[in-house]
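**Student:** quick one: sequence plus predicted model below, questions after.
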Amino acid sequence: MPTIALLNQSGEKIKDLELSATVFGIEELNQQVIYDVVNCQRAAMRQGTHDVKNRSEVRGGGKKPWRQKGTGRARQGSIRAPQWRGGGIVFGPTPRSYAFKLNKKVKQLGMKNTLSYKVKEKALIAVEAIKFEEIKTKNFIKFLENIKAEGKTMVVCAPEELTAEAVLSASNIPGVFLAPVTNASVYEILCYKNLVLTQGAIAYYEEELN
């Protein structure tokens, strides 16, 4: 069972926190599952608003260019056919959703493997809780300095900890992302060097993923 130091906002160690082995202690990581979950999440992020006009949508072309026979030229029905300049596009992209479904257990396994990877890389920092009394960016920067979170950092907290003071204090810091544990995705976690979890977020993962 992996253990990690639990810190307060000042960076002081409170105690050693035991983590669930099935959520944070997977020894052999399943990279294929992580890839599948990231691929699914990135596909769902695509807007899919691309569109081209087919021959029925292009303006004009209502009249037959020339008569069917006797001209010596190939027969044509419309100047908006695909082979004409300015004509419709054949098999072009149209608006659609790129999202596809993954089984719930696969998504959960992807999150378990991602959290275990962060523990293995010593990129997981556990914090008792986050609480900010006022909206000040320097207070959030000081908090990150206290817990020694250098570089791109994602802070995941319990929903009740996501106050306006915390969100607005973190919003102007480059490379820092604050999210509730219910919305944090595998793709987002992997985009950041450090993962900071509050005790409430850890408890949520251990309950939901076990």
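**Tutor:** Here it is on my side, so go on.
**Student:** list the contacts of residue 18.
**Tutor:** Residue 18 makes contact with 1, 2, 3, according to Cβ atoms under 8 Å, 6 or more residues apart in numbering. The way it works is simple: take the backbone N, C-alpha and C, and place the C-beta from them, glycine included.
**Student:** strands of this protein, residue ranges please.
**Tutor:** 3-7, 13-18, 124-127, 153-157, 176-180, 194-198 (DSSP state E).
**Student:** where along this structure do the helices fall?
**Tutor:** With helices called from DSSP state H, the chain shows them at 21-24, 31-45, 104-120, 137-146, 164-170, 186-191, 199-209.
**Student:** nearest to residue 57, out of those helices?
**Tutor:** helix 31-45 (26.8 Å; Cβ to Cβ).
**Student:** now that closest one, how far from the centre of its chain.
**Tutor:** 9 Å (Cα atoms, centre = their mean, to the nearest Å).
**Student:** now that helix: average pLDDT?
**Tutor:** The average pLDDT within helix 31-45 is 97.
**Student:** can you give me the end-to-end span of stretch 68-88?
**Tutor:** 21 Å (Cα to Cα, to the nearest Å).
**Student:** for this structure, which spans come out with low pLDDT?
**Tutor:** Judged by pLDDT under 70, the chain has no weakly predicted residues.
**Student:** return the residue of it that is most distant from the centre.
**Tutor:** Within the chain, residue 70 marks the point farthest from the mean C-alpha position, 62.3 Å out by Cα atoms, centre = their mean.
**Student:** check contacts around that residue.
**Tutor:** No contacts exist for residue 70 under Cβ under 8 Å, 6+ apart.
**Student:** where does it fall, phi/psi-wise?
**Tutor:** The phi/psi pair for residue 70 (degrees, to the nearest 10) reads phi 90, psi -10.
**Student:** coming back round to it: so for residue 14, which of the helices of the chain sits nearest?
**Tutor:** With Cβ to Cβ as the yardstick, what comes closest out of these is helix 199-209 (9.3 Å).
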